[in-house]
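In: Sharing a model prediction with you, sequence too.
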Amino acid sequence: MATITIDEALDQAGAGRFQVRLMGIFGLVWAADAMQVIAVGFTATSIAASFELTVPQALQTGTAFFLGMFLGALGFGKLADRIGRRRVLIATVLSDAVFGTLSIFAPSFAILLVLRFLTGAAVGGTLPVDYAMMAEFLPAKNRGRWLVLLEGFWAVGTLVVALAAWILSLSGVAEAWRFIFAVTAVPALIGFGLRFFVPESPLFLLRTGRNDEAKAIVERIAAVNGRNPLGEGVDVSSTPSVKGAGIFSGELRRRTILMLAIWFLVSISYYGIFTWMPPKLAGDGFGFVRGYGFLVLIALAQIPGYALAAYGVEAWGRRPTLVAFCILSMIGCLLFVFGSSGLVIGASLLIMSFALLGTWGALYAYTPELYPTTSRATGMGAAGAMARLGGLLAPSLIALFVTQSFVLTIGIFAGLLLLAAIAALFVDAETRSVSLA
């Protein structure tokens, strides 16, 4: 009996209709998760009015949500490496749909905080496992571009929430936050049903000794894509794995530390810029940056950033693309120093949206490829947890400097992004067209 590696089998099965269907299913829930995250900023004022709170008090829903994401990313990522991707994804999407829907009907602020924490834990668990699983269904030559395209659904979710909030604002709807949470719950509810059509990862099946099941799934991919089947006399084997499955063991330790640092630095810059910067600028007379119309433009600016990242990760490589986008983000950040007019401020924010979301696209394509199948979801979960930690710490850390100087604060953001670029240069692997272990 002839034996081929899983990567050779996936190459033979190709990338086509099967992966397009996966992209639609994963992308729908990815957009839903983005909507849940972005809703934090769009619901605070309305929640404050409903429960007679100040806006800072209402923003505790965001703190609860990010804390849930932090814990969910750590716990569910590790669980997916132990019991399988499919089970965890179904459980997390169901939890997202249930707790997200219940948030609509929260009778008190205390109950809303609990529900947002639980929704955040579900979303935190969905994000890293989605990427680990999608990567494991793709041939090496197509993987980077497809993973960046999946990240592009984040822009779709952002755009939908911004448009919904804009329409509700124009309509003068009372308790608009309930309607926004309803909008965010719909794709998760649909996505839960669709997840049952996604099979288990063939790489995970191979790592757990279920070779026949893995081959059957690859045969299914080939059939849907119109490719030739592997044949009766062909067996599928796994690629030799990296010694030491833990993300901090052996040769994985260095890349893990560097990648976690990059995720944290990019995250704290992203949330600092897009949560602290708009109210500060609005207070300085640039009120348009808080307008819903401009926020829609911000979301639209993300799309070409993803498109360039999708091209770059295949044409230039994962690491060069990540470094380039980090530096471009730093340059866009420095433009704020020269922002004496509304035009320059608006252009700077649009450039930042373009560059930072391109950075995220490169990160999401690069990170899952750095780990073997036995620890891929754990690695993605740890990276996601660092991103949420950045989101949690950004407001308090930035508050230490905002009273000192606007230029100092901008310089900190730029410095963090430069550090991220430098850290990326020292990652010890370039994964373009490399087989998954």
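Out: Cool, the structure landed. Numbering: from 1, shown residues only.

In: CA atoms for contacts and neighbours, from now on please.
Out: OK.

In: ok, now how distant is the nearest residue in space to Leu53 that is not next to it in sequence from Gly124?
Out: Setting aside the residues directly before and after it, Leu53 is nearest to Ile47 in space (Cα to Cα, 6 or more residues apart in numbering), at 7.7 Å. Remark: distance between Ile47 and Gly124 (Cα to Cα, to the nearest Å) = 23 Å.

In: who's more crowded, those two?
Out: For Ile47 versus Gly124, neighbours defined as other Cα atoms under 10 Å are more numerous around Gly124 (31 against 23).

In: Relative to Leu335, how far out is that one?
Out: Per Cα to Cα, Gly124 is found 33 Å from Leu335.

In: What are the buried residues along the top helix by length along the chain?
Out: Secondary structure assigned by DSSP state H gives helix 17-51 as the longest helix of the chain. Buried residues in helix 17-51, counting neighbours by 16 or more other Cα atoms under 10 Å, are found at 18-19, 22-23, 25-40, 42-48, 50.

In: could you pull out the helices for the stretch 301-437 of the chain?
Out: Secondary structure of the stretch 301-437 of the chain by DSSP state H, counting those that start in this stretch: the helices cover 318-334, 342-366, 376-402, 406-425.

In: okay, the angle between the longest one and helix 406-425?
Out: It stands for helix 376-402. Here the directions of helix 376-402 and helix 406-425 differ by 160 degrees (axes from the mean of the first three to the mean of the last three Cα atoms, to 10 degrees).

In: Low-confidence ranges, this structure, go.
Out: Residue ranges of the chain with pLDDT under 70: 1, 233, 238-245, 275-291, 339-340, 395, 397-399, 401-403, 406, 437.

In: Who are the packing partners of the longest helix of the chain?
Out: Counting by 3 or more Cα pairs under 8 Å, 6 or more residues apart in numbering; DSSP states H and E, the packing neighbours recorded for helix 17-51 are helix 55-58, helix 60-83, helix 109-135, helix 140-151, helix 153-171, helix 176-194, helix 211-224.

In: Among those helices, which comes closest to Ala362?
Out: Nearest to Ala362 among the helices and strands packed on helix 17-51 is helix 140-151; the distance by Cα to Cα comes to 6.6 Å.

In: what does the closest one rub up against?
Out: 7, 11, 15, 23, 26-27, 30, 131, 134-135, 306-307, 309-311, 313-314, 318, 360-362, 364-366, 432-436 (Cα atoms under 8 Å, 6 or more residues apart in numbering).

In: and those residues, which are buried?
Out: Restricting those to buried positions leaves 7, 11, 15, 23, 26-27, 30, 131, 134-135, 306-307, 309-311, 313-314, 318, 360-362, 364-366, 432, 435-436, with burial counted as 16+ other Cα under 10 Å.

In: circling back: go through the helices of the stretch 301-437 of the chain and name the closest to Phe117.
Out: The minimum distance between Phe117 and those falls on helix 376-402, with 12.7 Å, by Cα to Cα.

In: before we move on, the earlier item: could you export the helices of the stretch 301-437 of the chain as TSV, including distance to Val296?
Out: As requested, these are exported to TSV (distance: least, Cα to Cα, whole Å):
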stretch	distance to Val296
helix 318-334	19
helix 342-366	11
helix 376-402	22
helix 406-425	23
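
In: Quick one: closest of those to Ala2.
Out: Distance to Ala2, taken as Cα to Cα, is lowest for helix 376-402 among the helices of the stretch 301-437 of the chain, at 28.2 Å.

In: Tell me which residues of that closest one come out buried.
Out: For helix 376-402, the neighbour count (16+ other Cα under 10 Å) marks 376-395, 398 as buried.
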